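Peer 1: sequence first, then the predicted structure:
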Amino acid sequence: MNAPLKSPHWSTRAGPSGFRLNQRPTLEKQDLPLELSLLDDIVNEIVDATSTPPELTESAILGAMAIACQHLIDVDCPGGGRSPTSLFLLSSADSGERKSTIENFIFKPIFEIDHRNRLKAEKDNQLFERDMMVWKATFNQVRRELDAALRDSSPTQEIEDRLTTMLQSKPTKSVAPRFIYRDESIRNLQIGMATSWPSAALVASESTGLLSPRNEESLPSLSAIWDGRPIDVGRAKMPPIYVPSPRLTISLMLQPLMIRGYLGKKTGIARISGLLARFWVVEPLSTQGSRQIHPSQIGAPKNTKATKLFHQRLLRHLEASTEISSDQRIVIRFSPQAQQIWLELYNAVESELGAGGRLADIKDCASKIANIMSRIAALIHYCLGRPGDIDVETALYARALCIKGLNNFKQIFGIRSPEEKAYANAIRLNTFLANKVAMLM
């Protein structure tokens, strides 16, 4: 059997029950168009700077692209239907794997634009308080004039016209577009999307706030937002919340015990509501114990050329997103050749969902992987400025990532025999020892 299809440079997981697709050979890095090789360059730069597992960087890159582009584009899925390009991403990694470091590396321009927006709103609102005081005083004066005219039975039309003009010119409080939320309740997130900006992201490394009891009843609503359905919440004694076309990306980096202890429960609300099935998952091998620093590396400048270029593109897309409304989104489509790549994945996955199939134990996730592939392909295509419709190379790249995510999901949440578990552990041990030997040579 041929090796499983995998993304360039980045590692993949495939045990004896791992899902494999052998329709096409793997793309070699030297055959990649420059724009796609940029993604590898970013991973190499960050791994070189931080000695972190490359898969964590990969997940953060996808999250950053989704945050920057989800308000700008939707994707026309080959299987039918227009879909958002938001992503739900879950990284399983132990404490000490530098999850926060990677997050700060990749999301830096998004954090900065959020900070600038907040400072600008605070400055604008200082002027708002002043303008509001003047407006109220003037409005009350005109009201007194109207009361006096009514008492004297004098004409009031001119005063009423002034009141109408004043009501139309009432100062409004500045609201800063907010792209990232951290340890927020789902209700606060929904309020923020309704009052600030309808496209947002929940980003958390090590935080378990999203999975706390305060959010349990609201977790199913996140599945609806992933599908692009409106946020429409009404509760007694609380103002209603309505967002007609929300877009939400989630990027979680949690420890394996947390994931298996809470999310791994088949009876848990995250699983039975379908929320967990919408996540693209990575669980890399640990790099701890192999991150020695050579004396020549101390003080040496790190190459960040690709990362800076990526940050420039993120900023451009974020700034553009605040200038359009949700009904102005561009629809990204697959070329006929790229549609065939998508179709091969869909049919191969579908054939493994029945009883005895390799994906029967994770059919909830597997049934959504083709849609996730559409989203990833559209994000790569648009964020990297590739011309025309989604091409074959981008489709292959996205498909390889989705196969990896599918196998990771099965590794974490699937049902495996003792033999399969032993084989998977042996593969992990072999990889760990090979990395140790490579460092000593």
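Peer 2: Nice, I can see it.
Peer 1: just the helices from the stretch 301-441 of the chain, written as ranges.
Peer 2: Taking DSSP state H, counting those that start in this stretch as the test, the helices found in the stretch 301-441 of the chain are 305-321, 336-350, 363-366, 369-383, 392-413, 418-440.
Peer 1: which parts of the stretch 51-200 of the chain are helices?
Peer 2: Going by DSSP H, counting those that start in this stretch, the stretch 51-200 of the chain shows helices at 54-69, 99-151, 157-168, 186-195.
Peer 1: pick the most buried one from these.
Peer 2: helix 54-69 (a mean of 27; mean count of other C-beta atoms under 10 Å). Every residue, glycine included, has its C-beta placed from N, CA and C.
Peer 1: for that one, packing partners?
Peer 2: helix 34-50, strand 88-92, helix 99-151, strand 199-205, strand 247-254, strand 279-282, helix 305-321, helix 369-383 (3 or more C-beta pairs under 8 Å, 6 or more residues apart in numbering; DSSP states H and E).
Peer 1: nearest to Val331, of those?
Peer 2: Closest to Val331 of the helices and strands packed on helix 54-69, according to C-beta to C-beta: helix 369-383, at 9.0 Å.
Peer 1: average pLDDT across that closest one?
Peer 2: Computed over helix 369-383, the mean pLDDT rounds to 97.
Peer 1: cool, stretch 204-216 as well?
Peer 2: Averaged across stretch 204-216, pLDDT comes to 69.
Peer 1: next, the distance between the ends of that stretch.
Peer 2: Using C-alpha to C-alpha, to the nearest Å, the end-to-end distance of stretch 204-216 comes out at 17 Å.
Peer 1: that older thread, so which of the helices of the stretch 301-441 of the chain is nearest Thr164?
Peer 2: helix 305-321 (35.2 Å).
Peer 1: could I get that closest one in CSV with only the CA atoms?
Peer 2: Provided in CSV are the C-alpha atoms of helix 305-321 (Å, rounded to 0.1, in the frame of the first residue of the first chain):
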residue,chain,number,x,y,z
LYS,A,305,10.7,37.0,6.0
ALA,A,306,7.8,34.6,5.2
THR,A,307,6.0,35.3,8.5
LYS,A,308,6.2,39.1,7.9
LEU,A,309,4.7,38.7,4.4
PHE,A,310,1.9,36.6,5.9
HIS,A,311,1.2,39.2,8.5
GLN,A,312,1.0,41.9,5.9
ARG,A,313,-1.6,39.9,4.0
LEU,A,314,-3.6,39.3,7.2
LEU,A,315,-3.7,43.0,8.0
ARG,A,316,-4.8,43.8,4.4
HIS,A,317,-7.6,41.3,4.6
LEU,A,318,-8.7,42.5,8.1
GLU,A,319,-8.8,46.1,7.1
ALA,A,320,-10.8,45.2,4.0
SER,A,321,-13.3,43.2,6.0
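Peer 1: which parts of it are buried?
Peer 2: Buried positions in helix 305-321, judged by neighbour count with 16 or more other C-beta atoms under 10 Å: 306-307, 310-311, 313-314, 317-318, 321.
Peer 1: buried deepest among the helices of the stretch 301-441 of the chain, which one?
Peer 2: Among the helices of the stretch 301-441 of the chain, helix 369-383 has the highest mean neighbour count (mean count of other C-beta under 10 Å), at a mean of 26.
Peer 1: tell me what it is packed against?
Peer 2: Secondary-structure packing of helix 369-383 (3+ C-beta pairs under 8 Å, 6+ apart): helix 54-69, strand 73-76, strand 82-84, helix 305-321, strand 330-332, helix 336-350, helix 392-413.
Peer 1: could I get these in TSV, plus columns for distance to Lys170 and mean pLDDT?
Peer 2: Converted to TSV, the helices and strands packed on helix 369-383 look like this (distance: least, C-beta to C-beta, whole Å; pLDDT from 0 to 100):
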stretch	distance to Lys170	mean pLDDT
helix 54-69	34	94
strand 73-76	36	98
strand 82-84	35	96
helix 305-321	28	93
strand 330-332	35	97
helix 336-350	51	96
helix 392-413	48	92
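Peer 1: can you list the helices and strands packed on helix 54-69 in JSON lines and add distance to Arg329?
Peer 2: Formatted as JSON lines, those follow (distance: least, C-beta to C-beta, whole Å):
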{"stretch": "helix 34-50", "distance to Arg329": "22"}
{"stretch": "strand 88-92", "distance to Arg329": "19"}
{"stretch": "helix 99-151", "distance to Arg329": "19"}
{"stretch": "strand 199-205", "distance to Arg329": "10"}
{"stretch": "strand 247-254", "distance to Arg329": "9"}
{"stretch": "strand 279-282", "distance to Arg329": "22"}
{"stretch": "helix 305-321", "distance to Arg329": "10"}
{"stretch": "helix 369-383", "distance to Arg329": "11"}
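Peer 1: circling back: now the helices of the stretch 51-200 of the chain in JSON lines, with distance to Cys383?
Peer 2: Shown next, in JSON lines, are the helices of the stretch 51-200 of the chain (distance: least, C-beta to C-beta, whole Å):
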{"stretch": "helix 54-69", "distance to Cys383": "4"}
{"stretch": "helix 99-151", "distance to Cys383": "13"}
{"stretch": "helix 157-168", "distance to Cys383": "41"}
{"stretch": "helix 186-195", "distance to Cys383": "22"}
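Peer 1: return the residues in contact with Asp361.
Peer 2: Neighbour list for Asp361: 410, 414-415 [criterion: C-beta atoms under 8 Å, 6 or more residues apart in numbering].
Peer 1: from those, pick the one nearest Val392.
Peer 2: Closest approach between these and Val392, by C-beta to C-beta: Lys410, at 26.8 Å.
Peer 1: spatially, what comes nearest to the closest one if we skip its sequence neighbours?
Peer 2: Excluding its sequence neighbours, the residue lying closest to Lys410 (C-beta to C-beta, 6 or more residues apart in numbering) is Ile362, at 5.1 Å.
Peer 1: number of residues surrounding that neighbour?
Peer 2: Neighbourhood size, Ile362 [other C-beta atoms under 10 Å]: 24.
Peer 1: wait, isn't it in contact with Asn408?
Peer 2: No - assessed by C-beta atoms under 8 Å, Ile362 is found out of contact with Asn408, at 10.3 Å.
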